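# turn this into a model:
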Amino acid sequence: MSEVRHPVIRTPDQRIRVFVSSTLRELADERRAARTAIERMKLAPVMFELGARPHPPRELYRSYLEQSDVFVGIYWESYGWIAPDEDVSGLEDEYNLAPRGMPKLIYIKASTHREERLTALLARVRDDDTAAYFTFETADELQDRLADDLATLFAERFDQSRPRANGADADDPGVPAATRLPEPTTPTIGREHDITAVRALLAQGTDRVITLAGPGGIGKSRLAVEAARAAADLFPDGIYFVALEAVLDVDLLLPTIAAAVGIRDSGEAGLLERLAAALDRRRVLIVLDNFEQIVEAAPVLVQLFSIVPMASFLVTSRIVLRIRGERVYEVEPLTTPPGEMPASLNRATRSSAVALFVSRAQAIKQGFDVTAENAADVADICRRLGGLPLAIELAAARIRLLTPAGIAERLGQSLPLLTAAARDIPERHRTMRAAIDWSVSLLPDLERDLLEDLGVFATRFSLDAVEALGAGRSWDGQALEALSALVDGSLVKQSEVDGRVSFSLLALVREYALARLKERGEADRMRSAHADYFAGFVGRLAPQLRGRGQADAVMELEVELPNIRAAVRHLIYTDRLDHAADAAWGLLIYWWLSGSFAEVRLWMQELLGKQQPIAAHTRAAATFFVLWGELWQHPSDQMVAGLGECVRLFTESGDEEAAAMAMAGRATARMQFPDLDVAAAVGELSTAVATLHELGNTWGEAIAEVSLGRISWATGQIDEALAHFDRATEIARAGQDLFTVVVAGVLRSRLDFLRGEVATAEDEFGELLRLSTRLHYEEGMAYGLEGMCAVAAIRGDSWRAGALAAAAARIRQRIGVFDVEAFMVHPIPLAALRERDPEGLAAGERAGADLSLGEAVALALPEDQDAVREPLAKQ
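Numbering: from 1, shown residues only. Predicted coordinates for the structure are as follows:
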């Protein structure tokens, strides 16, 4: 097939998206096979799981198509449902909307009973020179074929994405690689002036914090995203979007920002210190969305921007922060038709509120527009709703059942009464809440009940989770249909996160739903059901953290972390302390892998502060997490004693495995002292290794072996250290725990280099780099690049050594990596090379400072195209 465009393969900051188009029910097995194939390639499947709805979300899948990189069509016998007022099915519409330059992989399942219109569509496909089509018979065959075809496609794209012969970079230099802004699913309307004004404030650079202030539903978050996107050229070192909607604890502000920047909180250094290192001398923009949740943390923001002078902060909040360095930008409603004038029939002269109403209505009812007959009603709707974007979107969603006149009439009857009922809050807040109340009042009882029950979810949630909470509710067994209707009514948002379909409520709608649930006296019951579900979710997923499913389990847990957070906090609030501690302890590996110890430490401090009777196991788990964060930064005899008490309590409760993990933690605490008690630490680690081996906990056993190796290295027992690192690697590989293979490999490769085994070390550094790239573990990638830098330096390759050193240093700074100097290998050979060839080394360092992550890996592994492809195509 011929290609019109040659997309640049992406770095680990982004994931390549594969849009999958098919009928839902007849191809359910094939859709599952396609998802498996796409995720096997570490790509993101874009799939809509709600199936045909009364009015297909055309604007939604148009937006997702625009954001996708590959179109995959799977067809069998059915042409698909044709919505009212539509000429083609959603299936054909998706194919039509796919950009011509987008690669299209078409898979046709063998059949002798194909619908006539599908046959005609497939004939078009065969004539399309941008599409490649294949036939298949079984879902397994489709899975293998799709995986192979995607691999081939991206191998071709990799070659096409190389820098051009004249040295020009194929990437757009105007867009920072670290930009991670949400992609809007609908057009932004009426904010051109605001976007320009906010960009101008950011360009001035005189205000450290720019707060977009206004009531809920006025469009602060959308404006922040669009303004940040417009200001991308001002922040060459990246833009980071930090969602605070589900963050309710002021102490979680720094951990949440750190996670967005890419810093793992392992407890080894203070987060403020690591953020200062990560953002030092970097021109970045950090967008903090929904700050009103934790406005008491505003002084922490001052502390942060005081130590990172080149960083700027764009904040959305319903409340002004009132801190030094803040510039407040009041977000105003959209413009409405003046006076009593009807809406303009001329697109060019419409008010922004009317333009928004028309745009959202057209997404539901194709062909809708302002006419002489409905112009006055459309204008009346927009004026009654005060130009508030969310309120207008909710009203426009009713165009499927009501005419503009019907909407205006009902608003006229209901809105004044609803706003009058809450005179103690500002007018725009009253209008917005009344608009939500009005929209909800039009729902059937079953859908209204479901919406209110959804208020217990934090940010995103899955269909499985919703259905699990349905027992005994009015909507039990009808969740799919009711959820579809709420999506159609713009009260629930459908999106795709990490290749999985999820749903969400806007913060204001969630607050409304939860308030209604409380009024009905049902909030505690639903919160308990929510907590029970996610405690069970943790129990089901935790075992997968120890084997080949580790990466997928981590991804699922990251998506559900806000709900897990809400569940644990509810368990603690309702004094179900043993259940809360069990959930936290079950995720020990996750906290370590994701670097999220700050969060669980806060939970456990709250739990211990309850002063309630708790089981020995609960006290041990909570105490362990509280001590773990302190032992790295403030080691003391009290820490060692406290972890010893954890060992005793775990043993008393009959959990030998947990006792062994706590014993290994106690040995780790001893290792932080300058006068290491070698005998005690080795004894505890050896006991832990034996116990964990006997119990089959390969993760804990391998980590303890790594610690034994570090002690042996520090005490000069090199052969013994190597034996421990080899044993840790062997155990981790047997358990398919690649992350621990990397941890052991970092130390083993460094030690071999220091022993003079340069060729062996080079192979090990290369393997370390490949695995870290595969896992998207940037810290490990930095170590691998430093190792290859050391090899280049000792061989006198000045330019390459300098380039790799600079590239690794950029990663270290960006993610705030601290390392024990004694275990680093590249500084000494690099210093020696600098004396011999300062100009060559400096030239390499200048070039390396501008390398992308993928280019740095390609430089380190020039003969290994598969490894080069990994960082460029994985995300």
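
# averaged pLDDT, stretch 231-244. What do you get?
Averaged across stretch 231-244, the pLDDT comes to 91.

# so which residues make contact with that stretch?
Residues outside stretch 231-244 that contact it (C-beta atoms under 8 Å, 6 or more residues apart in numbering): 174-182, 198-199, 202-203, 225, 228, 253, 256-257, 260-261, 282-291, 293-294, 312, 459, 814. Using the backbone N, CA and C atoms, a C-beta is placed for each residue, glycine as well.

# in that stretch, what's buried?
Across stretch 231-244, burial judged by 16 or more other C-beta atoms under 10 Å covers A231, A232, L234, F235, D237, G238, I239, Y240, F241, V242, A243, L244.

# grab the nearest non-local neighbour of R733.
Of all residues not flanking R733 in the chain, V741 sits nearest, at 5.8 Å (C-beta to C-beta, 6 or more residues apart in numbering).

# just to be sure, that neighbour is in a helix?
Yes: according to DSSP: H, G, I helix; E, B strand; the rest coil, V741 belongs to a helix.

# isn't it up against I731?
No: using C-beta atoms under 8 Å, V741 is not in contact with I731, being 9.4 Å away.

# can you pull out the helices in the stretch 751-875 of the chain?
Remark: helices assigned in the stretch 751-875 of the chain by DSSP state H, counting those that start in this stretch are 758-775, 778-794, 798-815, 827-836, 838-848, 853-860, 865-873.

# kindly report the same for the stretch 101-250 of the chain.
116-127, 139-160, 192-204, 220-230.

# quick one: buried residues of the third one?
For helix 192-204, the buried set under the neighbour-count rule, 16+ other C-beta under 10 Å, comprises D194, I195, V198, R199, L201, L202.

# again with the shortest one
Buried residues in helix 220-230, counting neighbours by 16+ other C-beta under 10 Å, are found at K220, S221, R222, L223, A224, V225, E226, A227, A228, R229.

# need the CA coordinates for that helix. PDB is fine.
What follows is helix 220-230 as a C-alpha-only set of coordinates in PDB (Å, rounded to 0.1, in the frame of the first residue of the first chain):
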ATOM      1  CA  LYS A 220     -11.300  26.600  33.700                       C
ATOM      2  CA  SER A 221      -9.700  23.200  33.000                       C
ATOM      3  CA  ARG A 222     -10.300  23.400  29.300                       C
ATOM      4  CA  LEU A 223      -8.900  26.900  29.200                       C
ATOM      5  CA  ALA A 224      -5.800  25.800  31.100                       C
ATOM      6  CA  VAL A 225      -5.100  23.000  28.700                       C
ATOM      7  CA  GLU A 226      -5.600  25.100  25.600                       C
ATOM      8  CA  ALA A 227      -3.500  28.000  27.000                       C
ATOM      9  CA  ALA A 228      -0.700  25.600  28.000                       C
ATOM     10  CA  ARG A 229      -0.800  24.100  24.500                       C
ATOM     11  CA  ALA A 230      -0.600  27.600  23.000                       C
END
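
# and it, how far out from the chain middle?
Centroid separation for helix 220-230 versus its chain: 18 Å, with C-alpha atoms, centre = their mean, to the nearest Å.

# residues in contact with that helix?
Under the criterion C-beta under 8 Å, 6+ apart, residues 179, 181-182, 184, 188, 191, 194-196, 198-199, 202, 212-214, 239, 241, 285, 287, 289-290, 314, 316-317, 331, 389 lie in contact with helix 220-230.

# next, the buried residues of the biggest helix by length in the chain.
Taking DSSP state H as the criterion, the chain has its longest helix at helix 550-573. Within helix 550-573, the residues scored as buried using 16+ other C-beta under 10 Å are 550-551, 553-554, 556-572.

# comparing the helices of the stretch 101-250 of the chain by mean pLDDT, which bottoms out?
helix 139-160 (a mean of 73).

# and the strand or helix carrying E606 with helix 550-573, angle?
Using DSSP states H and E, E606 falls within helix 597-608. Orientation check (axes from the mean of the first three to the mean of the last three C-alpha atoms, to 10 degrees): helix 597-608 against helix 550-573 gives 30 degrees.

# tell me the mean pLDDT for helix 597-608?
On average, helix 597-608 scores 90.

# what's the burial count for the nearest residue to L356 once chain neighbours are set aside?
In space, and not counting its chain neighbours, L356 is closest to I189: 4.6 Å by C-beta to C-beta, 6+ apart. Around I189 there are 21 other residues, counting by other C-beta atoms under 10 Å.

# my guess is I189 contacts R350. True?
No: with contacts counted by C-beta under 8 Å, I189 stays clear of R350, the gap being 9.8 Å.

# these two touch, right, S495 and L505?
No: contact criterion C-beta under 8 Å: S495 and L505 do not qualify, at 11.8 Å.

# ok, these two, which is more surrounded?
More crowded of S495 and L505, by other C-beta under 10 Å: L505, with 24 against 16.

# ok, the more buried one to V492 distance?
As judged by C-beta to C-beta, to the nearest Å, L505 and V492 stand 6 Å apart.

# what does F71 give?
27 Å.

# can you check E273 too?
Distance from E273 to V492, by C-beta to C-beta: 41 Å.

# which of the two has more neighbours?
Under the neighbour definition other C-beta under 10 Å, E273 and V492 were set side by side, and V492 has more, 23 against 13.

# quick check: that one touching L483?
Yes: taking contacts as C-beta under 8 Å, V492 lies within contact range of L483: 6.4 Å.

# spit out the residues that contact these two alike.
Here V492 and L483 have F503 as joint contacts, going by C-beta under 8 Å, 6+ apart.

# tell me where the protein has strands.
Per DSSP state E, the chain carries strands over the ranges 17-21, 44-46, 70-75, 104-109, 131-136, 209-213, 239-243, 285-289, 312-317, 326-330, 460-461, 493-497, 500-504.

# how about those in TSV, adding distance to E835?
Formatted as TSV, the strands of the chain follow (distance: least, C-beta to C-beta, whole Å):
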stretch	distance to E835
strand 17-21	49
strand 44-46	48
strand 70-75	50
strand 104-109	55
strand 131-136	56
strand 209-213	46
strand 239-243	39
strand 285-289	40
strand 312-317	40
strand 326-330	49
strand 460-461	55
strand 493-497	51
strand 500-504	54
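
# so where's the stretch 251-400 of the chain uncertain?
Counting by pLDDT under 70, the stretch 251-400 of the chain contains low-confidence residues at 266-269.

# okay, now L401: neighbour count?
Neighbour tally, L401, other C-beta under 10 Å: 13.

# check contacts around it.
L442.

# now do the domain split for this protein, please.
Domains of the chain are assigned by automatic domain parsing as 17-160, 192-330, 347-441, 445-521, 751-873.

# of these, which is nearest L631?
Closest approach to L631 among these (C-beta to C-beta): domain 192-330, 7.5 Å.
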